[in-house]
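Colleague: Generate coordinates for the sequence data below:
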Amino acid sequence: MFSSFLSRAGWSALALACTLGTAWAQTLHVGDAWTRATVPGQNAGSAFMTLQSDVDVTLTGVTSPVAEHAEIHTMEHDGDVMRMRALPELAVPAGKLVELTPGGTHVMLMNLHEPLAEGSHVPLTLQGRTAEGKSIEQAVNVPVLGIAARGTDHGHDH
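Modeller: Numbering: from 1, shown residues only. All right, here's what the predicted structure looks like:
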């Protein structure tokens, strides 16, 4: 009898946790995530995706166990040279699509622990806050595509 109650209580707690997770997860929607495979000795990689939110969100960071450090970067022209710089935060306005693309804003993975292998996945955690100041984290499992996938990185200046 007690085990039956415990089982029902356990399922109820799990259902509640899933409901809360679903409500939170619907704050920030991540789509079309991908990264490119790297070659041995390459110590950096980039991840790309689309972001959309139901409420105003500001991304403040990103982490990944595959790299010593991860940041949100953007590319900009400096004369005739395209340069990359870290962004301390990235706004994702409610209802607007924000694209992280090669040659534009993207997630930079630095000091990779091992090459990113085609067919594997890279776990990322996007960190941020809502306009009301609520902290959020969004886990993303990013597929690793072939080295020639979806164009080139347009002159990263590391």
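Colleague: pLDDT averaged over the one helix or strand residue 29 maps to - what is it?
Modeller: Using DSSP states H and E, residue 29 sits in strand 28-36. The pLDDT scores in strand 28-36 average 95.
Colleague: With stretch 148-158 instead?
Modeller: pLDDT averaged over stretch 148-158 gives 52.
Colleague: Over to stretch 51-61?
Modeller: Stretch 51-61 shows a mean pLDDT of 96.
Colleague: circling back to that earlier point, pull out the buried residues from the strand holding residue 29.
Modeller: Counting neighbours by 16 or more other CB atoms under 10 Å, one finds that the buried residues in strand 28-36 are 28, 30, 33-36. Using the backbone N, CA and C atoms, a C-beta is placed for each residue, glycine as well.
Colleague: Could you do stretch 50-58 as well?
Modeller: 51-53, 55, 57-58.
Colleague: What is the distance between that stretch and the centre of its chain?
Modeller: 13 Å (CA atoms, centre = their mean, to the nearest Å).
Colleague: Name the residues that touch that stretch?
Modeller: Contacts to stretch 50-58, defined as CB atoms under 8 Å, 6 or more residues apart in numbering, come from residues 26-32, 59, 89-100, 126, 128-132, 136.
Colleague: 10 Å instead, please
Modeller: 26-33, 59, 88-101, 105, 126, 128-134, 136, 138, 140 (CB atoms under 10 Å, 6 or more residues apart in numbering).
Colleague: For those residues, which ChimeraX command selects only the ones that are buried?
Modeller: To isolate the buried ones among the contacts of stretch 50-58 in ChimeraX, judged by 16+ other CB under 10 Å, type:
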select :27,28,30,33,59,90,92,98,100,101,105,126,128,130,136,138,140
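Colleague: Please flag which of the contacts of stretch 50-58 sit within strands.
Modeller: 28-33, 59, 90-92, 98-100, 126, 128-130, 136, 138, 140 (DSSP state E).
Colleague: circling back to that earlier point, closest to residue 81 among the buried residues of strand 28-36?
Modeller: residue 36 (22.2 Å; CB to CB).
Colleague: can you pull the contacts of residue 30?
Modeller: With CB under 10 Å, 6+ apart, residue 30 has these contacts: 49-53, 100, 124, 126, 138-142.
Colleague: will you turn those into CSV that also has distance to residue 109?
Modeller: Formatted as CSV, those follow (distance: CB to CB, whole Å):
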residue, distance to residue 109
49, 13
50, 18
51, 17
52, 22
53, 23
100, 12
124, 8
126, 13
138, 17
139, 16
140, 12
141, 14
142, 10
